[in-house]
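*Asks:* For reference, the sequence and a predicted model appear below.
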Amino acid sequence: MKGFLAFCSVVEGIVKKAQNINYSNNCTYHLDNKGGNDMPIVQIDLLEGRTLEQKRAMVAKVTDAIVETAQCPAEAVTIIIREMPPTLLGKGGKLRSDM
């Protein structure tokens, strides 16, 4: 839970810093073949173990941050969450499962 709360704090910090940047009033995003919005896309890699409620909260906060900073509609934001076991993540020359 500590890591998730730290992540939320980071997102809030990004939003605060981005508020000082002058953006145009339009979000530039691409259209898919059906005429719908498919950009921006955010990909989040996480170790397994977060609850569905944590992932819902993360998706909501990240969407809010993108909407506010990129000034685009929430419907244009796509978030992909990829979970992995600690046996598939290495850091500092060691597998996370061995730390």
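*Replies:* Alright, I've got the coordinates.

*Asks:* CA atoms for contacts and neighbours, from now on please.
*Replies:* Will do.

*Asks:* Show me what the helix or strand that contains residue 67 is packed against.
*Replies:* Element membership for residue 67 (DSSP states H and E) is helix 52-70. Using 3 or more Cα pairs under 8 Å, 6 or more residues apart in numbering; DSSP states H and E as the contact test, the elements touching helix 52-70 are helix 2-18.

*Asks:* what's in contact with the helix or strand following the helix it packs on?
*Replies:* Next helix or strand after helix 2-18 toward the C-terminus (DSSP H and E): strand 41-47. Residues from elsewhere that reach strand 41-47 (Cα atoms under 8 Å, 6 or more residues apart in numbering): 77, 78, 79, 80, 81, 82, 83, 84, 85, 86.

*Asks:* Report the mean confidence score over strand 41-47.
*Replies:* Per-region confidence: strand 41-47 scores 95 on mean pLDDT.

*Asks:* Partner strands of it and their direction?
*Replies:* Strand 41-47 has these partner strands in its sheet, going by DSSP bridges: strand 78-84 (parallel).

*Asks:* quick one: the helix holding residue 67 to strand 78-84, angle?
*Replies:* The directions of helix 52-70 and strand 78-84 differ by 140 degrees, with axes from the mean of the first three to the mean of the last three Cα atoms, to 10 degrees as the criterion.

*Asks:* Flag every buried residue along helix 52-70.
*Replies:* Neighbour-count burial for helix 52-70, counted by 16 or more other Cα atoms under 10 Å, picks out 58, 59, 62, 63, 64, 65, 66, 67, 68, 69, 70.

*Asks:* which among those residues gets closest to residue 90?
*Replies:* For residue 90, the nearest member of the buried residues of helix 52-70 is residue 58. The distance, counting by Cα to Cα, is 23.6 Å.

*Asks:* ok, how many other residues are close to the residue nearest to residue 90 when sequence neighbours are not counted?
*Replies:* Of all residues not flanking residue 90 in the chain, residue 96 sits nearest, at 5.6 Å (Cα to Cα, 6 or more residues apart in numbering). Burial measure for residue 96: 15 neighbouring residues, criterion other Cα atoms under 10 Å.
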